[in-house]
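Chemist: What follows is a predicted protein model with its sequence.
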Amino acid sequence: LAAALALGTLPPDAAHAQNEQPQDERSSEAAAIEAISKTRMAYVITGLAALDATSRAGMAGLSRFLAEKTALEPGEPAGVNIATDELAFYPLIYWPVDPAAAMPSEEAIARIDAYMQSGGTVLFDTRDQYSAGFGAEAASPSTLRLREILSGLNVPPLEPVPEDHVLTKSFFILPEFPGRYRGSPLWVEASLNAPVRTDRPVRVGDGVTPIMITGNDLAGAWAIDEGGQPLLPTVPNDPLQRLYAMRAGVNIVMYMLTGNYKSDQVHVPILLERLGQ
């Protein structure tokens, strides 16, 4: 009662400010707690309604598959505005590249760069495996836009996922990473200091790649409706391709969450043999 009487003696603007500011702070804290209470997959909001809906449905489909096949139970997917939202809450951000979307500002690109430098990973998907032209210089509009975005980032040397990379073994054994389309390699940070060893089952490297690039439209393959049915057909229309796309998503997420732990795990039988256990 005393607090209410005190507020009544303040000018209307001051009383309103005292009421609003704590509420804003509480809202921010609640949003932060919600974001970190469960592992959540994030996707970049492009401003293109159909594309954003597919991204959300794709991340929801992958989250559901993860809950069914693994011990991980992800939270609801999060759409993020890279110019304003806190990005550190999310281990992986899916970015569908589309030339029709507005080009991010330099400040937004700088925020993405800081996110990648601090341990986060961005999965760029140009979704153009069957859209590029022919010839060495041919590139789709989505690829050209991706080049514009990457020109403002501190991008490490890249390579297609090697056959002995931990990504191929982090949960399922996978020789490739298809989506709605197949054939586009999944590009990751090159393991420059990890030459191929024939006596080791998996390539070892420090940390997790801060960037992945594909043209296979992963979210398009993961996308499901409220009833759990696929939203978009694969090309070609093959149920096994969708299954492999889901498994590719699981491997990517497990790699993001466990890093080189999975690489070490592959060597456990050899280590136990050497220890005589």
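Modeler: Noted; the coordinates are in hand.
Chemist: Endpoints of stretch 229-244, how far apart?
Modeler: 16 Å (CA to CA, to the nearest Å).
Chemist: That stretch - what's its average pLDDT?
Modeler: Regarding stretch 229-244, the rounded mean pLDDT is 95.
Chemist: What residues sit buried inside it?
Modeler: Applying a neighbour-count criterion of 16 or more other CB atoms under 10 Å, one finds 230-232, 234-235, 241-242, 244 buried in stretch 229-244. The way it works is simple: take the backbone N, C-alpha and C, and place the C-beta from them, glycine included.
Chemist: Stretch 159-169 too?
Modeler: Those would be 160-162, 164-169, for stretch 159-169 by 16+ other CB under 10 Å.
Chemist: The nearest residue to residue 215 once chain neighbours are set aside and residue 246: what is the separation?
Modeler: Excluding its sequence neighbours, the residue lying closest to residue 215 (CB to CB, 6 or more residues apart in numbering) is residue 184, at 3.7 Å. Applying CB to CB, to the nearest Å, the value for residue 184 to residue 246 is 17 Å.
Chemist: isn't residue 76 right up against residue 40?
Modeler: Yes. Look at residue 76 against residue 40 with CB atoms under 8 Å: they come within range, at 6.6 Å.
Chemist: of the two, who's got more company?
Modeler: residue 40 (19 against 12; other CB atoms under 10 Å).
Chemist: Show the contacting residues for that one.
Modeler: With contacts defined as CB atoms under 8 Å, 6 or more residues apart in numbering, residue 40 is in contact with 74-78, 89-90.
Chemist: ok, 10 Å please
Modeler: 34, 59, 63, 74-78, 89-92 (CB atoms under 10 Å, 6 or more residues apart in numbering).
Chemist: got it, and residue 74?
Modeler: Shown in contact with residue 74 (CB under 10 Å, 6+ apart): 38-41, 59-60, 62-67, 253.
Chemist: helix/strand/coil for it?
Modeler: Of the three states, residue 74 takes coil under DSSP: H, G, I helix; E, B strand; the rest coil.
Chemist: Then residue 95?
Modeler: Here residue 95 is recorded as strand under three-state DSSP.
Chemist: So which residues of the stretch 51-200 of the chain form strands?
Modeler: Per DSSP state E, counting those that start in this stretch, the stretch 51-200 of the chain carries strands over the ranges 78-80, 92-96, 121-125, 158-160, 187-189.
Chemist: which stretch among the ones you listed comes nearest residue 215?
Modeler: Closest of those to residue 215 is strand 121-125, at 7.2 Å (criterion: CB to CB).
Chemist: Quick one: work out the angle between that closest one and strand 92-96.
Modeler: 20 degrees (axes from the mean of the first three to the mean of the last three CA atoms, to 10 degrees).
Chemist: picking that back up, what's the most distant pair in the contacts of residue 40?
Modeler: Going by CB to CB, the pair spanning these furthest: 34 and 92, at 17.7 Å.
Chemist: So for those two, which residue has more residues nearby?
Modeler: Using other CB under 10 Å as the criterion, residue 34 and residue 92 rank with residue 92 on top: 23 against 14.
Chemist: what sits opposite the more buried one in the beta ladder?
Modeler: As for beta bridges, residue 92 partners with residue 121 under DSSP bridges.
Chemist: residue ranges with poor pLDDT in the stretch 151-277 of the chain?
Modeler: Counting by pLDDT under 70, the stretch 151-277 of the chain has low-confidence residues at 192-206, 259-277.
Chemist: Report how many residues lie close to the residue nearest to residue 188 when sequence neighbours are not counted.
Modeler: Leaving aside its sequence neighbours, residue 188 sits nearest to residue 209 (CB to CB, 6+ apart; 4.2 Å). As a burial measure, residue 209 scores 24 neighbours (other CB under 10 Å).
Chemist: from memory residue 209 sits against residue 162, does it?
Modeler: No. Residue 209 lies out of contact with residue 162 (CB atoms under 10 Å); the separation is 11.9 Å.
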